[in-house]
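**Q** Structure, please.
(2 chains)
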Amino acid sequence: GAVVSQHPSRVICKSGTSVKIECRSLDFQATTMFWYRQFPKQSLMLMATSNEGSKATYEQGVEKDKFLINHASLTLSTLTVTSAHPEDSSFYICSATLPGNTIYFGEGSWLTVV
Amino acid sequence: GENVEQHPSTLSVQEGDSAVIKCTYSDSASNYFPWYKQELGKGPQLIIDIRSNVGEKKDQRIAVTLNKTAKHFSLHITETQPEDSAVYFCAASINGNQFYFGTGTSLTVIP
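**A** Next comes the predicted model:
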């Protein structure tokens, strides 16, 4: 069964609005979660590392004010795309690391900004 | 930092044949190498992994080999089936602190 759950799987929002994507670790506590963005037929691009109880660490070139990450508990991290624009339309994926360094990915969230 | 290269980018095989995907890495400190299968519209799924203290690992039709000296590792799928068609990603990591992904291989198994 799923180890990491991501919600929603698909979301359509209007340009200028904000949308939140949730990533939950099931049956384990994840002090660190990762958020990726994936364009069609391309590899995963790490956006940020989400740390429980502290600020997220963003990769170079990722706007932290646009992609707000909150890791409020050991089982939940959220990614909020603020003031979304059509160019933000993409497939967003989270992952969490289990003890032993195995990482599992969420099912992914398709964001379409119209 | 680590650089992971993956080849080929696309691969077509006849059902029943074997498929091999190769990855190279640059950082000799990398010690964990997972492989992921991603079906269309879904998140990547871990299919097999190998750690640097092992040279080969097998799980039914899937096997992974690691050559630390040459810094390359490969995924082998035998007796391929149409449901094996997907995009496969390799990754390299140092103790799970950061994962570097290959660019992916789109595998098509022709019935």
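**Q** Which pLDDT value belongs to residue B:101?
**A** With respect to pLDDT, residue B:101 scores 90.
**Q** Check residue A:2 too.
**A** On the pLDDT scale, residue A:2 is placed at 66.
**Q** likewise the one 3 residues further on?
**A** Residue A:5 carries a pLDDT value of 92.
**Q** Could you pull up the residues touching residue B:38?
**A** Counting by Cβ atoms under 8 Å, 6 or more residues apart in numbering or on different chains, residue B:38 touches B:44-45, B:86-89, B:104. Bear in mind the C-beta positions are built from the backbone N, C-alpha and C, glycine included.
**Q** Show the pLDDT at it.
**A** Reported pLDDT for residue B:38: 90.
**Q** Helix, strand, or coil at the residue nearest to residue A:10 when sequence neighbours are not counted?
**A** Nearest in space to residue A:10, with sequence neighbours left out and distances taken as Cβ to Cβ, 6 or more residues apart in numbering or on different chains, is residue A:110 at 4.6 Å. Of the three states, residue A:110 takes strand according to DSSP: H, G, I helix; E, B strand; the rest coil.
**Q** count of residues packed around residue A:110?
**A** Number of residues near residue A:110 (other Cβ atoms under 10 Å in any protein chain shown) recorded here: 14.
**Q** Select from the contacts of residue B:38 the one having the most neighbours.
**A** residue B:44 (29 neighbours).
**Q** That one is in contact with residue B:91, isn't it?
**A** No - counting by Cβ atoms under 8 Å, residue B:44 stays clear of residue B:91, with 9.1 Å between them.
**Q** on that earlier part again, quick check: the farthest pair among the contacts of residue B:38?
**A** B:45 and B:104 (13.7 Å; Cβ to Cβ).
**Q** buried residues in the lowest-mean-pLDDT helix or strand in chain A?
**A** Every helix and strand of chain A was ranked by mean pLDDT, DSSP states H and E. The lowest is strand A:103-105, at a mean of 85. By neighbour count on 16 or more other Cβ atoms under 10 Å in any protein chain shown, the buried set for strand A:103-105 is A:103-105.
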